[in-house]
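1. need a 3D model of the sequence below.
(2 chains)
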Amino acid sequence: MPELKRILLVEDDPNDVELTLMALAEYHLANEVLTLPDGAEALDFLFRRGKYAGRTDGLPAVILLDLKMPRVGGIEVLRQIKSDPELKTLPVVMLTSSREESDLVETYNLGANAYVVKPVDFHAFAEAVRRLGVFWLLVNEAPPHCTARQPAGTSSSSSS
Amino acid sequence: MGLTISQVVFTWARWVEQRDQQLIFEREVGTQTNAIRATLEAYLSKVSILADYLHSLPEVTQEKFRVFSSAMLARRPAIVALEWAPRVPADQREAFEERMRQAGFPEYRIKELRVEGAAIPATDRPAYFPIQFVEPLELNEAALGVDMGHRAGAAEAFAAAATSGELRASLAIRLIQREARWDGILAFMPVYRRDHSPDLEGVAAGVFQIAPMVAEALAVFENPALALAHAVYLQTGPDQYQRVAPAPSTSLADVPETLSRTDVADLQGKRFRDAVEFSLGGQSWLVVSEPLPGALEPMRSRMPLAVFLVGFLVTWIVAGYFWLLINRAVEIERTVEERTSELARANLELRQENAARLAAEQEVLEALAKEREAREAAQQAQEELGASEARYRTMGETIPYGVWLADPSGRPQYFSRSFLELLDMNMEETLDWGWTRRLPPEEVETTLERMREAIQSGTPFEIELRILGPDKEYHTVLVRGLPVRNSAGRITSWVGMNLDITERKLAEEELRQHRDYLEELVRSRTLELMIANEELRNDIEQREKVEEALRILQENLEEQVKTRTAELAAANRELEAFSYSVSHDLRAPLRHIAGFVQLLQKQTQDQLSESSRRHLQVIAQAANRMGKLIDDLLQFSRMGRSAMRITSVSVASVVEDVCQELQGDLGETRVEWIIHPDLPRVQADPALLRVVLGNLLSNALKYSRTRETPRIEVGAVDSGTPDVTIFVRDNGVGFDMQYADRLFGVFQRLHKAEDFEGTGIGLAIVQRIIHRHGGKVWAEGAPDQGATFYFSLPQGKELDARVEAHTAG
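-> This is a model prediction of the structure:
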């Protein structure tokens, strides 16, 4: 059984993936991150389809979702998550380069839990990512039915 | 016995016959005498007519007298002469004579005519009535100058006419022009002055031959019941009648030239003789008549003679029988008896036959009587006609209308004076269609044709002619004709009236022209109206076309607006896509540059040279700056695109809000804030207004931070317009006014980036927001003297209009 990653990062840009992971690494959260390259794969993963069919591990504690991706974009992924009765309580943080108001409005309307603009400055970026990780993994109380509720550092998987 | 009976029958038949003939004779005498009287009266009335005419003239001229008289003379052959004798007072005698001599009568002198026919110069008298004009002049020239008042045989009649004012005829006179005795009579009619004074102006006179008048009267009777011979007498004394016209040939040869009353009564008592007396022209006239020789013969029947011969024969036969009876007594006696009864039967038959013949005779007589009555009626009508003709002529000569008479074929016989004057012709000239010379030559043919047609129709007609008058102008004459019919219905003449309707025609013409003018006016006005209507219609059409064009244009415009709006929307979408793309795709590489540079710096901190580290530092800073520029540009773009929500906003509260925010960044720096308390409420988008004030205040703060005590003042300017004008003043470094227009450009900066941070987008954003509100933004300042930024915001409707205009533009 694969190790449950508590942060799901959906990001198509490998540079951003690297920077994000480096930022999280500074706070030792890098290993908690499962990275998927686009929305389609993210949906397959979440709905246990395609190559993720038969996946038995649970859901992540938080999804960091890029907005602009090839194939299926972040907005569509968000919509499907928030439309699904089982997934809709899953915290979704929109992580994006854009400060566009329309994006903000739309994502919040769809039920996004947070919207974070990736700063150009790496320090600021790293700080933002660190805060996200800390907040969603450590501070935030996950919804009761959420299966991925395991403390950091423990590697045991849930029985279900 | 038989002889006696035949004699009685014969005598009785004769008596009846003679009684009837006498009856016819007496009636015929009455008829013919009446005709004679009427003719005489008609003749004498000529003098009255002449007098009326002369009276109507302002001045009696020879020409007028000649023309008028000629017309009369032409119709009345029994007129010997017509004369005019003006009253000439003694003191004017010589002048008058001289004038007449000058006028072409060198022998003229006022003279008296003695009984013996000699003419002597008139003796001295208060006034004379000398004959001035006489017509026809030929044969009558000797009459010129004769004093009417002292003309032998006529003086009494003259005096009677002058005193009575009526027509008076003289006794028979011997005419100076003729040799025969009892040649004629004179008739006088006084002419009074036109001013109605009792003085005579003169006297008109006519000389008439009696016999021709009588002949003319009898000529009417083409086929009289009984041809009569008449002798005419005039009463010359209480018991004396003088013959003035003898009967023709040998008739009345035993009746003397002079008759007494006894003679007259005697004549009246005689069979087939009669004497009828009547009064005319102040004289008593006597007409003595008897049948012409042989006139009675056709009337005498053979019946009385036949009766006598039959009776005579029968008588002789009876006598023969008596003689035989003596010889043969018995036989004879029986025979006599038979013969007597036969005779009696024959007598009876004869008597019956006679009675039948008498009855037939009676019928003839009655028929004759009827015929006579009819003839009398005709005669009476003729008399009346004669009288009315006289009246008519009198009227015709005096009334202003032209009166004419024509024979049944329409040949004119008489035209009244006024028409002759119009024709400028005398009566003779007008005869034989002479008057048609005054018709327009080209109309003669048609006019005559029209007249012929009218005459032939035998009904009243009305024709318009054009006559060339003495004024050389054509006169329009309305000719009315009326046929005069005798009792048999045959047209005997035409009478008519000519009316000069030139003036009426002219008036009609004028009226017509006026009407034409009016009609023309109406036509032209109608035309004008139609043209105006047409123009109006054209105008309306033009306008409709223009409206149509405008409508199309408007539709086009709307279409264009739609298209533009669509284009704008597309552009906006493109711009959004662009911005979106910029936000995501331009920032990402920058982030990567900055991120990896920082990672590099971290990892190589000790390995790199000082200058290499500086280079990395520059790269990082440039990336950050570019990120900042992109952010600013995106913000500027968003300011232009985001939807506006205009509400009432308190400027003061916005200012306070911004100040507090800025205060947090100030740290130790003390700033003097001067916020005017009269800051108004404005109609604006609160978020955008906040951006504007935030930019302006942070700007003010930024450029006055170098001052020891930065002073920032915010207030409102009363512009006198509905616009609200807000200013933000600082005591900072200020700027050179020559660059004032560059202050609001995107990324335009007046100061070095090292001196004052920022990308130079703030004021561009301010301008963009204010423009979107329909307002204006401007700045005043001088280097080191601080700067004042103003912005105005239109309010109310002004705002809506300008906002819309800005949005549409």
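2. and whatever residue of chain A ends up closest to chain B, what pLDDT?
-> Minimum separation of chain A from chain B (CB to the nearest CB) falls at A:Val120, amounting to 3.2 Å. The C-beta positions use only the backbone N, C-alpha and C, and glycine is treated the same way. As predicted, A:Val120 sits at a pLDDT of 78.
3. correct me, but it touches B:Ala594?
-> Yes - if you go by CB atoms under 8 Å, A:Val120 and B:Ala594 touch, sitting 5.1 Å apart.
4. what do these two both touch?
-> Common neighbours of A:Val120 and B:Ala594, counting by CB atoms under 8 Å, 6 or more residues apart in numbering or on different chains, are B:Ala623, B:Asn624, B:Gly627.
5. the second one: neighbour count?
-> Put plainly, it is B:Asn624. For B:Asn624, the count of nearby residues is 20 (other CB atoms under 10 Å in any protein chain shown).
6. cool, and the first one?
-> The burial count assigned to B:Ala623 is 23, neighbours taken as other CB under 10 Å.
7. ok so, going back, with distance to B:Arg670 added, can I get the shared contacts of A:Val120 and B:Ala594 in CSV?
-> CSV is the format used below for those (distance: CB to CB, whole Å):
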residue, distance to B:Arg670
B:Ala623, 36
B:Asn624, 31
B:Gly627, 33
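8. okay, the residues you listed in a markdown table with distance to B:Gln554 and secondary structure next?
-> Supplementary listing: these in a markdown table, determined by distance: CB to CB, whole Å; DSSP: H, G, I helix; E, B strand; the rest coil:
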| residue | distance to B:Gln554 | secondary structure |
| --- | --- | --- |
| B:Ala623 | 54 | helix |
| B:Asn624 | 53 | helix |
| B:Gly627 | 49 | helix |
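9. chain A next: which of these are close?
-> B:Ala623, B:Asn624, B:Gly627 (CB under 8 Å from any CB of the partner chain).
10. and the last one, what does it touch?
-> Taking CB under 8 Å, 6+ apart as the definition of contact, the neighbours of B:Gly627 are A:Pro119, A:Val120, A:Asp121, B:Arg587, B:Leu590, B:Arg591, B:Ala594.
11. mind checking the SS state of the residue nearest the centre of chain A?
-> The residue lying closest to the centre of chain A (CA atoms, centre = their mean) is A:Ile63, at 1.6 Å. Classification of A:Ile63 using DSSP: H, G, I helix; E, B strand; the rest coil returns strand.
12. my read is that it contacts A:Ile81, right?
-> Yes - between A:Ile63 and A:Ile81 there is a contact under CB under 8 Å: 7.3 Å.
13. which neighbours do the two share?
-> What both A:Ile63 and A:Ile81 touch, as defined by CB under 8 Å, 6+ apart, is the set A:Leu90, A:Val92.
14. now for the strand or helix carrying B:Thr446, which elements pack on it?
-> Using DSSP states H and E, B:Thr446 falls within helix B:444-457. If contacts are counted by 3 or more CB pairs under 8 Å, 6 or more residues apart in numbering or on different chains; DSSP states H and E, helix B:444-457 sits against strand B:461-468, strand B:474-485.
15. the same query, at a cut-off of 6 Å, please.
-> Contact analysis of helix B:444-457 by 3 or more CB pairs under 6 Å, 6 or more residues apart in numbering or on different chains; DSSP states H and E lists strand B:461-468 as its packing neighbours.
16. would you mark the buried spots in the strand it packs on?
-> B:Phe461, B:Ile463, B:Leu465, B:Arg466, B:Ile467, B:Leu468 (16 or more other CB atoms under 10 Å in any protein chain shown).
17. save the residues you listed as TSV, and put in distance to B:Gln209 and pLDDT too.
-> Converted to TSV, those look like this (distance: CB to CB, whole Å; pLDDT from 0 to 100):
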residue	distance to B:Gln209	pLDDT
B:Phe461	38	83
B:Ile463	39	83
B:Leu465	38	82
B:Arg466	42	83
B:Ile467	36	84
B:Leu468	39	84
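18. and which of those is nearest A:Phe47?
-> Distance to A:Phe47, by CB to CB, is smallest for B:Arg466 among the buried residues of strand B:461-468, at 127.2 Å.
19. I'd guessed that closest one sits against B:Val477; true?
-> No - contact criterion CB atoms under 6 Å: B:Arg466 and B:Val477 do not qualify, at 7.3 Å.
20. and B:Arg87, how close does it get to chain A?
-> Distance of B:Arg87 to chain A, given as CB to the nearest CB, to the nearest Å: 142 Å.
21. what's the burial count for that residue?
-> 20.
22. residues making contact with stretch B:782-795?
-> Residues outside stretch B:782-795 that contact it (CB atoms under 6 Å, 6 or more residues apart in numbering or on different chains) are B:682-684, B:696, B:722-732, B:734-736, B:770, B:773-781, B:802.
23. of the residues you listed, grab the buried ones for PyMOL.
-> Filtering the contacts of stretch B:782-795 down to the buried ones (16+ other CB under 10 Å) takes a single PyMOL command:
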select buried, chain B and resi 682+683+684+696+723+724+725+726+727+728+729+730+731+732+734+735+770+773+774+775+777+778+779+780+781+802
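24. list the buried residues of stretch A:82-93.
-> A:Lys82, A:Leu87, A:Thr89, A:Leu90, A:Pro91, A:Val92, A:Val93.
25. next, the closest residue to B:Ala700 other than its chain neighbours: phi, psi?
-> Of all residues not flanking B:Ala700 in the chain, B:Asp730 sits nearest, at 3.7 Å (CB to CB, 6 or more residues apart in numbering or on different chains). The phi/psi pair for B:Asp730 (degrees, to the nearest 10) reads phi -130, psi 170.
26. can you check B:Asp718 too?
-> Here B:Asp718 shows phi and psi, under degrees, to the nearest 10, equal to phi -80, psi 110.
27. any idea of the mean pLDDT in the helix or strand harbouring B:Thr788?
-> In the assignment (DSSP H and E), B:Thr788 maps to strand B:787-793. Mean pLDDT, computed over strand B:787-793, is 92.
28. and it, which strands flank it?
-> Partners of strand B:787-793 in the sheet, by DSSP bridges, are strand B:724-730 (antiparallel), strand B:776-781 (antiparallel).
29. need these in JSON lines with mean pLDDT, can you?
-> Putting the strands paired with strand B:787-793 into JSON lines (pLDDT from 0 to 100) gives the following:
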{"stretch": "strand B:724-730", "mean pLDDT": "92"}
{"stretch": "strand B:776-781", "mean pLDDT": "90"}
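30. what pLDDT does the residue in the stretch 501-650 of chain B that chain A sits nearest to get?
-> For the stretch 501-650 of chain B, the residue closest to chain A is B:Gly627, as judged by CB to the nearest CB, at 3.2 Å. Here, the pLDDT recorded for B:Gly627 equals 84.
31. likewise B:Phe278?
-> pLDDT, read off for B:Phe278, is 90.
32. quick check, it in contact with B:Ala35.
-> No - the criterion here is CB under 6 Å, and B:Phe278 misses it with B:Ala35 at 11.8 Å.
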